[in-house]
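Participant: generate a structure from the sequence data that follows.
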Amino acid sequence: MANTPQFRARSTWSAPAKRTFRDIVDAHPSLEKAKLSALYGACDLLSDADKMQARIDADGLMVAGSMGQQVAHPLIAEVRQYRRAALDAIKALGLDGRSGASAAGAALVAKRWASRPAVGNVTPLRAGGPAPF
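Facilitator: Numbering: from 1, shown residues only. Got it, this is the predicted structure:
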C-alpha cells in the first residue's frame, strides 16, 4: 500500500464531483496518467455543471428574455451538455464499473437468451404486409 499513489480531489470541486473522483480512484487505485488526467477533466466538468445548476436553482427555470418575455434559463442547456461531456469522458476511461453480482447476473441473462431458439414462439413478418404494431 506504500507504493500506491494518493490522488487528491481539487478543493474547488463541488461535493458530488469530489465523491465521483474518490469513488473511481478507490475502485481503480492504479490509474494511468492519461486516464487520471481525463478523470480530472470529467470532474472539472461535473463541478462546473453543479455550480451552474445552483445558479439555475437560485434564478428559477424561467428568466426574462430580451423583450421581457419568459424564456427557459440559458444555463439549462449548458448543464446538460457539461454533464453529458463528463459522462462521455468517464465512459472513455474504459473502467469496468459493474460489481461482481451485476456481471454474474448479466452473464446468466445472456446465457438464458442465447440458448433459446427463435422459432416456435416468434411470428414471422410477411413481406410487404402491414407492420404488426
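
Participant: run through the protein and note the low-pLDDT ranges.
Facilitator: Applying pLDDT under 70 to the chain flags residues 1-5, 97-105, 108, 111-133.

Participant: ok, 50 please
Facilitator: Applying pLDDT under 50 to the chain flags the ranges 1-2.

Participant: helix, strand, or coil at the most centrally placed residue in it?
Facilitator: With distances taken as Cα atoms, centre = their mean, the residue of the chain nearest its centroid is residue 87 (3.6 Å). Assigned with DSSP: H, G, I helix; E, B strand; the rest coil, residue 87 falls in the helix class.

Participant: for it, give its distance to residue 42.
Facilitator: Taking Cβ to Cβ, to the nearest Å as the criterion, residue 87 is separated from residue 42 by 8 Å. From N, CA and C alone the C-beta is placed, and that goes for glycine too.

Participant: can you give me the helices for this structure?
Facilitator: Counting by DSSP state H, the segments of the chain that form helices are 15-27, 33-59, 75-92, 100-114.

Participant: buried residues, the shortest one. List them.
Facilitator: Buried residues in helix 15-27, defined by neighbour count with 16 or more other Cβ atoms under 10 Å: 17, 18, 20, 21, 24, 25.

Participant: packing partners of it?
Facilitator: When contacts are defined as 3 or more Cβ pairs under 8 Å, 6 or more residues apart in numbering; DSSP states H and E, helix 15-27 packs onto helix 33-59.

Participant: name the helices or strands packed onto the helix it packs on?
Facilitator: helix 15-27, helix 75-92.
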